[in-house]
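# Build me a model:
(chains A and B)
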Number of protein chains: 2
Amino acid sequence: MRLSSFFMPTLKETPAEAQIVSHRLMLRAGMIRQSSAGIYSWLPLGFRVLKRIEQIVREEQDAHGAQELLMPTIQSADLWRESGRYDDYGKEMLRITDRHERDMLYGPTNEELITDIFRHSVRSYRQLPQILYHIQWKFRDEVRPRFGVMRGREFLMKDGYSFDIDKDAARRSYNRHFVSYLRTFARMGLKAIPMRAETGPIGGDLSHEFIILAETGESEVFCDRALVERDVLQEGIDYAGDLQPLVDSWTEPYAATEDMHDSALYEALPAERRVQARGIEVGHIFYFGTKYSAPMGAVVVGPDGQDVPVEMGSYGIGVSRLVGAIIEANHDDAGIVWPDAVAPFRAGIINLKPEDGDCTAMAETLHGRLRSAGVETLYDDRPERAGAKFATMDLIGLPWAVTVGPRGAKAGTVELKRRATGEKEELSLDAAIARLVD
Amino acid sequence: MRLSSFFMPTLKETPAEAQIVSHRLMLRAGMIRQSSAGIYSWLPLGFRVLKRIEQIVREEQDAHGAQELLMPTIQSADLWRESGRYDDYGKEMLRITDRHERDMLYGPTNEELITDIFRHSVRSYRQLPQILYHIQWKFRDEVRPRFGVMRGREFLMKDGYSFDIDKDAARRSYNRHFVSYLRTFARMGLKAIPMRAETGPIGGDLSHEFIILAETGESEVFCDRALVERDVLQEGIDYAGDLQPLVDSWTEPYAATEDMHDSALYEALPAERRVQARGIEVGHIFYFGTKYSAPMGAVVVGPDGQDVPVEMGSYGIGVSRLVGAIIEANHDDAGIVWPDAVAPFRAGIINLKPEDGDCTAMAETLHGRLRSAGVETLYDDRPERAGAKFATMDLIGLPWAVTVGPRGAKAGTVELKRRATGEKEELSLDAAIARLVD
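Here you go, the predicted structure:
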C-alpha cells in the first residue's frame, strides 16, 4: 500500500480532548475519528488493527469448541422484562421506541437474547454442552464517555455464552474460557493476569477479570510476580482433557483488583514477588448458574426425563477496547510500538529521496517483492522531508521499517530498523526481504 | 464439524409467517431466528454464508482500489441537519434520544458521516481520488418488515463512497464500481443485470441498480437476452485502464425495471432476445455530484488554488439481503442449492448406520481426511434414520454429499452426490476425496 494514496489523516497537533496516551496516539496516527461523544469511526489504519484482534479472538474461541453466530444490535425490551433486568439497567441502556411505539433497546450485552435462542432450539441434555459466541457492536450510554475507545459508548465486544446440564459441566465450560482467554491475550503480545472479581450487574457465583498491566491503567492491582513471568503459550493445552489443574495453577498465586484486595495475604508474599501496578480490564468471565435460565424457562429434559434449567456462564472480551489497551502497554515517546501479531502492516518502507531515480527504483522493487511474498507493507512514497517520514513511521509503530536512501541504493543496501528496540542493521535487499518474510 | 454438536436447530414445520421461499428455507434450515419484527439472529449455518458473501464483497472492493474503514451504527442528528435530510427521511429513520437528550439516529446510510470524515481529512486535489467503504449494520424502520432478511429492519450493507475533483474523474470511480459489482455478483454464482434506475432519496444524476433474475423476484424487469448470457468473469479487466467501453457494452443493450420501462424500445428487440422476468435488487450505485459536499463544505484546493466541492458517488450492496436473494435464485423442492462460492460447508458426510463399526470407521476417516485437506465438511453422525439425514442434507443444500453405508464400507466405496444436478457416483474413498479437494 502506498502512503500517498492510503487514507491515513495523521494530526500534527495533539488533540486537547485526549487525556490518555492511547487516545492521543490513535487520533494522531489517523486510526480513528470521533463522530459523537464516545462514538468513533475506525479509519483504515485503525480498522486493520481491530480486524486482527477480532481474528485472534475468533481463532481462540473456535479452537476450544465455541460456535460463532451473530445476534442483532437492536433488541426487544420484552426479553429484558422477562429476566427482570429492564428496570435494573438504568440510564446506561440506550432505550429506543420504534415507529409502532414498541420499546426496543441497543444491546449492552446479550444474556437475554441468547437464552431466548437457546430455549427455542435445544430440548435435550444430550445436545449439551453448547458454547455460542458472537462479535458484535454494543452500546452503553456512559454518562461521561472518555479515554477514546477504552471507554466509548459504541464498542465491539466478543461475548460468549455456555449452556450445561449441571454445575460440574458448567465449570468445565468456564475453564475452557479461562484458558482460551489466557492464550488470546498472550497471542496479542499482552500479559493478562486473571483476577477474582465481583460479578456486578451480570450476577453469579464465580467470576474472573483478565487484567493487563500498564503504567497508565485505570485501576490499582496487586499480584504475585510468578503470574507476570509465566508464558501460557509455552504450555501445552488439551481442551478435551481436565483443565482444572491448569486453572488452579493460575488462580492459586495471589492476584486481586483494588475491590477484592486483601493486604494481609499480599503482605505475606516475599517482597520480591509482590507486584503492585496499574491494570486495564480486557476480559471478564462469569458463571451465574440459572440466573437467566430459570426466569426465562430455558430448560432441557435431563437424563431422568425431568425438565432442568440449564447452568449458564457468560464470557466477554473488549475487542475495540483492546486496541487502546495494547497501545497503553506498548508505546514510547515517539509513538505506538505494535506487537507483531496485531500490527496494521508488518513493515514500512521509507523512500528517503523520491526524486532520486535509483532510490525510487529500489524502493519500488522492495515494495513489489514484499507484496509478492505476502508481507503487508506501507510504502512511504510521499514527497516529504526525511525527518517527517521517520516521525510518521515511528508514530504509527509498524514492527519493521526499511529505509532506502540514495547512497544505499547505489551500494545495493537498505537499513532495517526494529521499532521495539530501535536496533538498526545495514543489509542487502535480499537479506532484508528474507528477514521480513521469515 | 459434527452435526451432533453443531448448533443448527432445523424446523420440521414450515413457519406460517414466512411468505417467500428463501425466508421459509432459512428458518427451516436453522440459518436464522427472528428476534423482533424484521430483526434476525444469524445462527451458525446462516452466519457462515453471510461471512462468505461479505468476504467476496470485500475482496472485489479491495481489488479495484477501495479502502475499508468502519463507521459506527449510531450517528448524531446534527450531520443530517447539515445535509437537509434529517426531516426528509421520515419514519424509516430510527430516531433515538440519548441520556443527555441529544438527538441521535441509527444510520440507514452514511453519506453524511463519510462526508464529515472526508472534509476533516483531505485538503488537496492531489489526494484524490478517494474511495472508501465499510460493511456495517444499518437500520430502516420499515412499516411492514417481511420476506425475512430480504426486507428486514436491521440489515448488513456494504456502502462505498467516492470523492473526485471533477465529473470525468467521478465517472471513472463510478465505472470501477460498476465493473466490480458485476464481478462480485458473478463470483457468488448470480447473474446480476445492471439497469438504469431512479435515484430516490440518495439523489443524483446517474444511477444503476443491479438486479438478479428469480421467479420469486419482487418486481418486473425487462432486458435483452445478450445480458443474461454474458459472463463477466471471462472478461479481462484492468482497473487502471479505461473502463468506459466495457461499461457501455453492458448499458447499451436494453434493460429496465418497471419504473423505467420503455415498451417501444423493448418491443423493437427481436422476440427471441426479449426477457421479461422477476428481479431482485442486490446493488445500487449513484453518482450525485456535489449534493452533499456543497452543503457540508467538503472542498479541496484545486489545481488553480481555489476551493472546489468534491464530486461524489455512493455504492451499495445488500450483504444480508444477498443471502435470501441467492436462495431465491438457487433452490428446488427439497431445499437450498448453494453455489459453491458461498456454501456454508463444501461437503456433507452422511453416515447411514452409525451403529455399524465399519461404516462409522470409514465416515470418521473421511471426515478426518477432508478436514486435513482443508475441505469444510459437515458430518452427520446423528443416530437418525437414513431418510431424515438425506432430507436434512438436501434442505441445507451443501454442494456435495458423501454417503457412507455398510455395504460400501465393506467394498471401500462411497456415494458422491452433486446437490445441483442430483448426479450420483460410486467412488473409492480416495477418488471421492480427490474430487472434493479439487
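
# Could you list the low-confidence segments of chain A?
Where chain A drops to pLDDT under 70, the residues are A:201-203.

# What residue spans form the domains of it?
Chain A breaks down into these domains under automatic domain parsing: A:21-336, A:345-437.

# First-to-last residue distance for the longest one?
It stands for domain A:21-336. Start-to-end span of domain A:21-336 (C-alpha to C-alpha, to the nearest Å) is 10 Å.

# same thing with stretch A:329-343?
So stretch A:329-343: terminal residues 14 Å apart, C-alpha to C-alpha.

# ok, residues contacting it?
A:21-22, A:25, A:28-29, A:49, A:52-53, A:56, A:187-190, A:212-214, A:280, A:326-327, A:344, A:346, A:391, A:394-399, A:419-420 (C-beta atoms under 8 Å, 6 or more residues apart in numbering or on different chains). Heads up, the C-betas are built off the backbone N, CA and C, glycines and all.

# let's see it at 6 Å
Stretch A:329-343 is contacted from outside by A:21, A:25, A:49, A:52-53, A:187-189, A:212, A:214, A:327, A:394-395, A:397-399, A:419-420, using C-beta atoms under 6 Å, 6 or more residues apart in numbering or on different chains.

# Filter those down to the ones in strands?
residue A:212 (DSSP state E).

# Among the contacts of stretch A:329-343, name the buried ones.
Neighbour counting by 16 or more other C-beta atoms under 10 Å in any protein chain shown classes A:21, A:25, A:49, A:52-53, A:187-189, A:212, A:214, A:327, A:394-395, A:397-399, A:419 among these as buried.

# now, which of those residues lie within helices?
Using DSSP state H, the subset of these located in helices is A:21, A:25, A:49, A:52-53, A:187, A:327, A:394-395.

# Which one of those residues is nearest to chain B?
Nearest to chain B among these: residue A:49, at 11.4 Å, using C-beta to the nearest C-beta.

# What residues does chain A have near chain B?
Residues of chain A found near chain B (C-beta under 6 Å from any C-beta of the partner chain) are A:7, A:9, A:33, A:36, A:39, A:41-44, A:47, A:67-74, A:76, A:91, A:96, A:98-99, A:117, A:121, A:141, A:154.

# Can you select the buried ones among the residues you listed for me in PyMOL?
Remark: buried members of the residues of chain A next to chain B, expressed as a PyMOL selection using 16+ other C-beta under 10 Å:
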select buried, chain A and resi 7+9+33+36+39+41+42+43+44+47+67+68+69+70+71+72+73+74+76+96+98+117+121+141+154
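
# Looking at the residues of chain A next to chain B, which are in helices?
Using DSSP H, the subset of the residues of chain A next to chain B located in helices is A:44, A:47, A:117.

# Let me know the distance separating the spatially closest residue to residue A:395 that is not a sequence neighbour from chain B.
Once flanking residues are discounted, residue A:395 sits nearest to residue A:335: 3.6 Å by C-beta to C-beta, 6 or more residues apart in numbering or on different chains. Relative to chain B, residue A:335 is positioned 19 Å away (C-beta to the nearest C-beta, to the nearest Å).

# Could you count how many residues lie near residue A:263?
Other residues lying near residue A:263 total 9 when counted by other C-beta atoms under 10 Å in any protein chain shown.

# same check, this time on residue A:238
Applying other C-beta under 10 Å, we find 9 residues neighbouring residue A:238.

# Residue A:308 too?
Residue A:308: 16 neighbours (other C-beta under 10 Å).

# same thing with residue A:194?
By other C-beta under 10 Å, 22 other residues sit near residue A:194.

# which ones are touching it?
With contact taken as C-beta under 6 Å, 6+ apart, residue A:194 is in contact with A:208, A:210, A:250.

# now with 8 Å?
Applying C-beta under 8 Å, 6+ apart to residue A:194 gives the contacts A:178, A:181-182, A:208-211, A:250-251, A:255.

# swap in residue A:207?
The contact partners of residue A:207, taken as C-beta under 8 Å, 6+ apart, are A:196-199, A:284-287.
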